[in-house]
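Q: Got a sequence here, can you model it:
(2 chains)
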There are 2 protein chains.
Amino acid sequence: MNKKFKLEEYIEIINNYIDKAVPECFFGEDIVHQAMKYSLSVGGKRIRPVLTLEFCRLCGGDINKALPFAVAAEMIHTYSLIHDDLPCMDDDDMRRGMPSCHIKFGEEYALLAGDALLTRAFGVLTESEASPEAVVKAVSLLSELSGVSGMIGGQVVDLKNEDKPCTIEVLETMDSLKTGALIKCASLLGVIVAGGNAQQYEAARCFSENLGHAFQIVDDILDVIGDEKELGKPIGSDRESGKSTYVSVLGLEKSQQYAKDITAKAIEALSIFGDDADFLKELAEKLINRKN
Amino acid sequence: MNKKFKLEEYIEIINNYIDKAVPECFFGEDIVHQAMKYSLSVGGKRIRPVLTLEFCRLCGGDINKALPFAVAAEMIHTYSLIHDDLPCMDDDDMRRGMPSCHIKFGEEYALLAGDALLTRAFGVLTESEASPEAVVKAVSLLSELSGVSGMIGGQVVDLKNEDKPCTIEVLETMDSLKTGALIKCASLLGVIVAGGNAQQYEAARCFSENLGHAFQIVDDILDVIGDEKELGKPIGSDRESGKSTYVSVLGLEKSQQYAKDITAKAIEALSIFGDDADFLKELAEKLINRKN
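A: The predicted structure is shown next:
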C-alpha cells in the first residue's frame, strides 16, 4: 500500500508544483504571467488535483507522475473561472472574495490569461514521466471532458437557459457537464497515470460523477443559506438572476436530502478500495458539509 | 520519393478533415458547433496545415498521420482570430470580408467557440496514428509555441505597444511570436510526424521563421497599397490606429526589399531537399506576391 497523505500535504505539493508550472515571463508579457498566477492562487479548494493524486495513489501509482496531470486539471478549472467572470459571460467582479481577474488586470489580459492557462494545461500533461501512451490518453480525455462534450457544453446549456426556469433534467445535464465533467476527468486522470484496471476506472467514474453532482447541489444550497463572508460572494445571486437551481426546483429540504443520498452513492462506489479509501470518504463528507 | 500534391489537393484534403474534426453537437450547444465551423471555414488560406503536410511528405512521412497535426494548427490559428476580434481586443467587426464570429453569433458564444477550438486542437493531435512519442512531442510543441512563449506572448507585446510607435526590434519580436511561432510550429509538426532528422528539423525551422517574417511584412505592405475588395478589410487601418508597421518604420520600398531578401533566405534553407522542395519554393514566392 502506498504512503497516505493528508489533505494539507497534498495541497502543499500541488501549490509548489503550480508555482513552477506557470511559464516564465517573456518580453513584455509579465502581466499575463501575473494574471495566471493570481487566478491560480486565489483560494481554490484544489479538489480536482487532490482527486487526481489520491486516485493515483489508490491505484498503486507514483504521485510524482500524477502531479502534472493534477495541475493540468486545475489550470483548466481556473481558466474557465476567468472566462466565466468576463463581462460578456457572467460579468462577476468578485471571485472567492477577491477581485476577478479582469477587474484586477483588465479584460484583454484576463482573456489572454485564460487562453494561456488552457494552452499550458496540455503542455503540463506532457511533462509527466508517465508513459507516452498514458500521456496521450490524458490529453485526449482532458480535451474531450473540458470541450463541447463536457465543460464548455455545460456552459452553453447554462447560457441557453439563463434567466428562465428549467426542469430538473436540464439542470442535471448542465451541471454534469459544466462542473461534473472536469471533476470526473481529474479523478480518471489519476487512474490513467497509475495504469489502473477497468474496475478501478469504473469506481473512479461512479464516485466522481456523484461527488460532482452533490457538490453542485450544495453550491445551490449555500447560495440560499450560506454566509456571505465565508462564501466570499453575495448570497441570493441565483434567485436574483432568475436562474433555476436545485433549491428553486426541489425546495431546500429535498435538495439537502438529495445531496446526502448522492454522496452516499459516491462513497459506495469506493468499496473496492476498502479502508484505503478513507481519505476520499472523508473528503466527500467534508464537501457536503462545507460552508463555502 | 512520396507522391506530390498540388495546393488545391492539399486544401481539399484539409477541408474534408476539418469537417469531421469539429465535435458533434451535444444538448443545446449547436450554436458553438456552428460558430466553430463558421470561423474555420471563412476564407482561410490554410497555409499552416499545408506546411505540416508538405514537410511531412518532404521528410518521407505519411500525410494521413500528419492530417490531425495539420488541422490542430489551423484550429489554434482560428481560435486566435476569434478572440483577437473580440471587443476587448481589436474589436474588429469583419474578418476576411465576412462578419467576425462575435458579430454573427454573439460575444459569449464567440468566446466559447474560441475556447472550444483551442481545447479541441489538442484532442485532434491524439487522433493521429503517429507513435505516442510523436504525439506527445506535438502536444508539447503546440502548447509552447501557441502559449506565452509564442503566439500569446506576441499578442501581449502587441497590446503593450498599441497606439504608440515602436522600434524595429520590438516589431520583429512581436511578429516572430504572434504570427511566426505558429507558422514555425505547423512546419515542425510535419517533421515530427515523419520522424525527420535534425538536419530536416533545422531546415524547416529556418524556412518557416523567415517565411513567417516575410508574411507579416507583406501584410503591412498590403495595408498600405492593397485593394480593399481583395483584402476583405479596409486598408490604412494600421496608420489610423497609430500602430507601428514595417512600412511606417522602414518605408515602403525598403520593406518590399526586406520581404524579398527574407524570402530568399527561406528558400535557401530548403536546399537540402533539392528539387523535391519546389512546392514550398513556389508557395513562398506566391505569399510574397499575394494580393490578400
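Q: Can you name the residues of the stretch 151-292 of chain A sitting close to chain B?
A: Residues of the stretch 151-292 of chain A lying close to chain B by C-beta under 8 Å from any C-beta of the partner chain are A:152-153, A:155-157, A:159-161, A:173, A:177. Heads up, the C-betas are built off the backbone N, CA and C, glycines and all.
Q: of the residues you listed, closest to chain B?
A: residue A:156 (3.5 Å; C-beta to the nearest C-beta).
Q: I'd say the closest one and residue B:34 touch.
A: No. Checked against C-beta atoms under 8 Å, the pair residue A:156 and residue B:34 is beyond contact range at 11.1 Å.
Q: Compare these two (neighbour count), which wins?
A: residue A:156 (27 against 16; other C-beta atoms under 10 Å in any protein chain shown).
Q: elements contacting the biggest helix by length in chain A?
A: Taking DSSP state H as the criterion, chain A has its longest helix at helix A:198-225. Helix A:198-225 sits against helix A:47-58, helix A:168-175, helix A:181-194, helix A:237-240, helix A:246-250, helix A:252-268, helix A:278-288, with contacts defined as 3 or more C-beta pairs under 8 Å, 6 or more residues apart in numbering or on different chains; DSSP states H and E.
Q: Adding mean pLDDT as columns, could you present the ones you listed in JSON lines?
A: Output for the helices and strands packed on helix A:198-225, formatted as JSON lines (pLDDT from 0 to 100):
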{"stretch": "helix A:47-58", "mean pLDDT": "98"}
{"stretch": "helix A:168-175", "mean pLDDT": "92"}
{"stretch": "helix A:181-194", "mean pLDDT": "98"}
{"stretch": "helix A:237-240", "mean pLDDT": "66"}
{"stretch": "helix A:246-250", "mean pLDDT": "93"}
{"stretch": "helix A:252-268", "mean pLDDT": "96"}
{"stretch": "helix A:278-288", "mean pLDDT": "95"}
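Q: For residue B:283, which of those is the nearest?
A: Ranking the helices and strands packed on helix A:198-225 by proximity to residue B:283 (C-beta to C-beta) places helix A:181-194 first, at 39.8 Å.
Q: what separates residue A:277 from residue A:69, distance-wise?
A: Distance check for residue A:277 against residue A:69: by C-beta to C-beta, to the nearest Å, it reads 20 Å.
Q: Switch the helices and strands packed on helix A:198-225 over to TSV; also include mean neighbour count and distance to residue B:285.
A: Below are the helices and strands packed on helix A:198-225 laid out as TSV (neighbours: other C-beta atoms under 10 Å in any protein chain shown; distance: least, C-beta to C-beta, whole Å):
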stretch	mean neighbour count	distance to residue B:285
helix A:47-58	27	50
helix A:168-175	18	52
helix A:181-194	27	47
helix A:237-240	13	59
helix A:246-250	20	63
helix A:252-268	17	62
helix A:278-288	17	62
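Q: Which parts of the stretch 1-150 of chain A are helices?
A: A:7-21, A:30-41, A:47-58, A:63-85, A:101-105, A:107-125, A:132-146 (DSSP state H, counting those that start in this stretch).
Q: Mind picking the two most distant members of the residues of the stretch 151-292 of chain A next to chain B?
A: Pairwise distances across those (C-beta to C-beta) peak at 15.2 Å, for the pair A:152 and A:161.
Q: Of those two, which one has the most company?
A: residue A:152 (27 against 18).
Q: who touches the more buried one in this structure?
A: Residues in contact with residue A:152 (C-beta atoms under 8 Å, 6 or more residues apart in numbering or on different chains) are A:146, B:29, B:32, B:112, B:115-116, B:119.
Q: Also residue A:73?
A: Contacts of residue A:73 (C-beta under 8 Å, 6+ apart): A:48-49, A:52, A:121, A:142, A:182, A:185-186, A:189.
Q: Once you drop chain neighbours, what's closest to residue A:137?
A: residue A:192 (5.2 Å; C-beta to C-beta, 6 or more residues apart in numbering or on different chains).
Q: Next one: the one you found from residue A:86, what distance?
A: 32 Å.
Q: Kindly report the same for residue A:268.
A: Taking C-beta to C-beta, one finds residue A:268 at 39 Å from residue A:86.
Q: ok, now residue A:150?
A: With C-beta to C-beta as the criterion, residue A:150 and residue A:86 are 20 Å apart.
Q: what do you get for residue A:180?
A: Look at residue A:180 and residue A:86: by C-beta to C-beta, they are 23 Å apart.
Q: Have a look at those two and say which one is more surrounded.
A: Set residue A:180 next to residue A:86 and count neighbours by other C-beta under 10 Å: residue A:180 wins out with 25 against 22.
Q: Check the contact between the more buried one and residue A:210; I expect there is one.
A: No. Contact criterion C-beta under 8 Å: residue A:180 and residue A:210 do not qualify, at 9.2 Å.
Q: Point out where the stretch 101-250 of chain A drops to low pLDDT.
A: Within the stretch 101-250 of chain A, the stretches with pLDDT under 70 are A:228-241.
Q: rerun at 80
A: The model of the stretch 101-250 of chain A has pLDDT under 80 over residues A:163, A:226-242.
Q: And for the closest residue to residue A:227 other than its chain neighbours, the neighbour number?
A: Spatially, and ignoring its direct neighbours in sequence, residue A:227 is nearest to residue A:291 (6.5 Å; C-beta to C-beta, 6+ apart). Counted with other C-beta under 10 Å, residues neighbouring residue A:291 total 11.
Q: and what of residue A:99?
A: Here the number of neighbours of residue A:99 (other C-beta under 10 Å) works out to 14.
Q: try the one 4 residues further on
A: The tally of other residues near residue A:103 (other C-beta under 10 Å) stands at 15.
Q: do the same with residue A:8
A: 8.
Q: Great, nothing more from me.
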